[in-house]
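> What shape does this take:
(chains A, B and C)
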Amino acid sequence: MPAISTILIDGLTYASWLFIVALGLTLVFGVLKILNIAHGSFYALGAYTAASFVGWTSSMNLAPAWSLLAMLLAAVTVAVIVAPLIERGLLRFFYGRDEVLLVLVTYAMFLILEDVTKLVWGANPYYVYEPYSLFGNVDVGVQSYVGYEFALIGLAAVVGLAVWWGLNRTRQGKIVLAVIHSPEVASSMGVNVSRVYMVAFSIGIFLAALGGAFTAPMISVQPGVSVGVVIVSFAVVIIGGLGSIQGAAIGALLVGLARSLAVHIAPVAELFSIYVVMAVVLMFRPEGLFQRIQARKI
Amino acid sequence: MAAILPASKTAPATGHGRLILIAVVTCVVLSLAGLLMPRWLSFLLIMSAANGLVSLGIVGLMRGGVVPFGQGMMLAAGGYAAALAYNHLGFTDALGMALIGGVAAALIASPFAPLLSRYRGIFFAMLTLALSMVTYGLLMKLSMLGGSDGFNVGRPTLFGQELADGRVVYTLYVLAIVLATTMALLARIFFDSTRGLVTLAVKENELRVEYLGGSVRQAMTINFILAAFCGGIGGALAVMALGHIEPNFSFWTTSGEFVFVAILAGWQSVAAVFIASTLLEVVRSFSSAYFPNTWQLVLGIFLLLVIRFLPGGIGSLWMGRKRK
Amino acid sequence: MSTLLEAHGVNKRFGAVVAAEDINIRIASGERVSLIGSNGAGKTTFVNMITGYLKPDTGCIALAGHDITPLAPRIITRLGVARSFQIPQLYGDLSVLDNMLVANACHDDKLSFWQPARRPEAIARAETLLERFRLGEHRDRRVAELPGGVRKLLDIAMAMTGRPKLLLLDEPTSGVSAEEKFPMMQTIMDALGHEDATTVLFVEHDMDIVERHASRVVAFYAGRIIADDVPSIALKADDVRRYVTGELLQE
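All right, here's what the predicted structure looks like:
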């Protein structure tokens, strides 16, 4: 029976990157009403780009701390280059159409990005070693944990607070909230809704890529990571409620801890426990724990 | 195939007779053609038929206005049922296994169907997705079902006869053709029936259906169970062709491919579903062989083009009026 | 003449808004009753409670002696109540004929897994009804492309397919130009004329149409019934003139 601190820290670590990624997913849905199946692909892009950038900083013999900046830059690069391309070049032609149709468009995007990633980076796995040992080890009682995991938890907290503050305490954030509530009314009040869409989408992508970049040191970056990530993110966002920040946080915590419990205590339940919760939430409280939109029922 | 002729405005009772004739002729022609085909083509067409059956069920649901993202669950249900029947019950008849697959999937779908019938849009898609991922998780972890590796299935028999080495693929091919044309025929008859028309009405205006005395929930429950039956037969067929079953059948990316085929086909023509399914298999095989790491790219672009320029699917090309 | 519909002590509030207050009414078979009143007076709420879409807070509604208050709209439809909608509720992507066929199939409960929807008997029956509503020429046209007046008539024709005992028409001539109103109402009433057994309740704002086609007028105001009589008397009542037709505004 592993120590409680292990289960807790494992769960929190998992919840941290999951929260960052799910936050991006829920933001994109809240503003653009698009449930983005390709969200995991942007996570993957972030991870791969981080692998490349960190590879470069190492080869330039820079101090290891630079790898952190490299990872951050990787996420920014993905957001700045890929997001506007996709939003302006593809998504905007489908705005206002049926929500399931938009899901299918993002599914097409997912298919395309899967192969694009393989074509650019190849099919072999990448390992991003350097950042992982940057924070040394932290002792909790008799157990020793990798410091990087605590850093990740810290990052998630910072990101969550930043997004919350940005939405609720800044003028631009309030404009975004208005667009979430009603694009038509916001537009008639002079808000440049297209620009809000693009910014929101870019931030959503940035968050996905950020999650990918900072998780890269903990996984092997290879084709197929996007597939697992997006589906778990969906679970979090459904459990927490589409469009809700608190929902993404609570959902990520629930999923992270549930998974950690399962992995350490009852491995049989590991995979399907998350989806059982997702299904149960959909059946009994489809709007999620933090209501934003209503489920379509008869 | 049955639906190359448009559903005419006044289909006389002989309309069914005509459909049956077309189905039989198609079946015979394709079966005979199989004698001349290279083995890889027969195999490809078996998989097209198997996958096409799953997509046929999706089309049935799309006619009611919902898109299921978890039909892989039905493929898996049918496949595992057939495989377990073979390995543990000693039941080896190919046709029987196909039917077992269909019935098993329909039974597994039944408790969820009334629940799902209350949902639309994204929530329907997410719930079907969640259920298929739960199934995947279960299949991965249950070692009695082979766990993540799945397990193998031996060579089926047919009507008591063992199948000789050279005959297996052709026999399975003919079985696939027979099953596909039969289900296509039945689907066409169902789509043209009163229940089929009410399903279209549900897509257009649920409120009015209820106010006319119809039951939306009953319509969608039935559609879901029928779709499961189709998918289950497809699963059994796939298992027999591949000789192997694994949890991946229920993974969301598998389900996504079936949706892709359904969108590509459109919901008007039953033949289009199998043509679209064959297209997918062809693209998959050829690009794997010659341009690896591009088949998903091709599919993705294809899908975007269809959504943007041919929203009625390829079936609308010959069924006339473009409907959404 | 037996009582077909009876409402007893029906009350309904939406928060502070009184939508129905102590509604008591008895409608006999074969009557042609017009519900009048300004917007928000409670006419549509009353109709919605009959069809089962809304449930009264207190009181009960009975159809031919059957208490229908707790029943679902679909069941109430099956018992013989049909309604048309102010904004026509149609199957836009389907043809006019298909719309009628769906209505046929739903109501008769003749739902089959294999019988063609477009079989000769069903089509003939649908066409007959379409002719009565002068919609025959539009038979194969896609509903979404049709003009407003035609859509309204189709909406009503669909409600008629089940040969309902009670037909509720929600503003059958609204959204239609002035010169079309009269012929349209005449078409509707002629079509209904074949079925003497159909009791009709229609919500209407045009008093000329009310006078011509209603055998009885029930006036609503603030959720209450303020008049219930033959048109010649009800329309002259002070309250009705004050709150509904606006004739007393000058005085």
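> quick one, phi psi at A:S144?
phi -120, psi 130 (degrees, to the nearest 10).
> Show me what it is bridged to.
A:S144 has these beta-bridge partners by DSSP bridges: A:D139.
> Spatially nearest residue to C:V96 (excluding sequence neighbours)?
What sits nearest to C:V96 in space, not counting adjacent residues and going by Cβ to Cβ, 6 or more residues apart in numbering or on different chains, is C:H138, at 4.8 Å. The C-beta positions use only the backbone N, C-alpha and C, and glycine is treated the same way.
> Would you agree the one you found is in contact with C:M100?
No: between C:H138 and C:M100 there is no contact under Cβ atoms under 8 Å: 10.8 Å.
> where's whichever residue of the stretch 51-200 of chain A sits closest to chain C relative to chain B, distance?
Proximity of the stretch 51-200 of chain A to chain C (Cβ to the nearest Cβ) peaks at A:D98, 13.5 Å away. Taking Cβ to the nearest Cβ, to the nearest Å as the measure, A:D98 falls 8 Å from chain B.
> For that residue, the count of nearby residues, please.
The number of residues packed around A:D98, counting by other Cβ atoms under 10 Å in any protein chain shown, is 14.
> any idea how far it lies from A:V105?
Per Cβ to Cβ, to the nearest Å, A:D98 is found 10 Å from A:V105.
> ditto for B:H244
B:H244 is 34 Å from A:V105, by Cβ to Cβ.
> if you count what's nearby, which of those two comes out ahead?
More crowded of B:H244 and A:V105, by other Cβ under 10 Å: A:V105, with 24 against 15.
> and the residue in the stretch 51-200 of chain B that chain A sits nearest to, which of the three is it?
Of all residues in the stretch 51-200 of chain B, B:G137 sits closest to chain A, at 2.5 Å by Cβ to the nearest Cβ. Three-state call for B:G137 (DSSP: H, G, I helix; E, B strand; the rest coil): helix.
> can you point me to the longest helix in chain B?
When chain B is parsed with DSSP state H, its longest helix is helix B:216-242.
> contacts for the helix or strand that comes right after it?
Per DSSP states H and E, the first helix or strand lying C-terminal to helix B:216-242 is strand B:244-245. Around strand B:244-245, the neighbours that count as contacts under Cβ atoms under 8 Å, 6 or more residues apart in numbering or on different chains are B:A76, B:G79, B:Y80, B:A83, B:G146, B:G150, B:F151, B:N152, B:V153, B:V239.
> Just the buried subset of the residues you listed, please.
B:A76, B:G79, B:Y80, B:A83, B:G146, B:G150, B:V153, B:V239 (16 or more other Cβ atoms under 10 Å in any protein chain shown).
> Show me which of those is closest to B:A164.
B:V153 (18.2 Å; Cβ to Cβ).
> residue contacts, residue 175?
Because you didn't say which chain, this covers chain A. A:A186, A:V191, A:V196.
> my question was about chain B
By Cβ under 8 Å, 6+ apart, the neighbours of B:L175 are B:A94, B:L95, B:A98, B:L158, B:L237, B:M240.
> Could you count how many residues lie near the fourth one?
Put plainly, it is B:L158. When neighbours are counted by other Cβ under 10 Å, B:L158 registers 18.
> these two touch, right, it and B:L95?
Yes: counting by Cβ under 8 Å, B:L95 is a contact partner of B:L158 at 6.7 Å.
> got the residue ranges for the strands in the stretch 151-300 of chain B?
B:151-152, B:244-245 (DSSP state E, counting those that start in this stretch).
> ok, the closest residue to chain C within the stretch 101-250 of chain B - contacts?
Taking Cβ to the nearest Cβ as the measure, the stretch 101-250 of chain B has B:G214 as its residue closest to chain C, at 3.3 Å. Listed by Cβ under 8 Å, 6+ apart, the contact partners of B:G214 are B:V198, B:A201, C:R74, C:V102, C:A105, C:C106, C:H107, C:L111.
> go on, A:L177?
Counting by Cβ under 8 Å, 6+ apart, A:L177 has contacts A:L167, A:N168.
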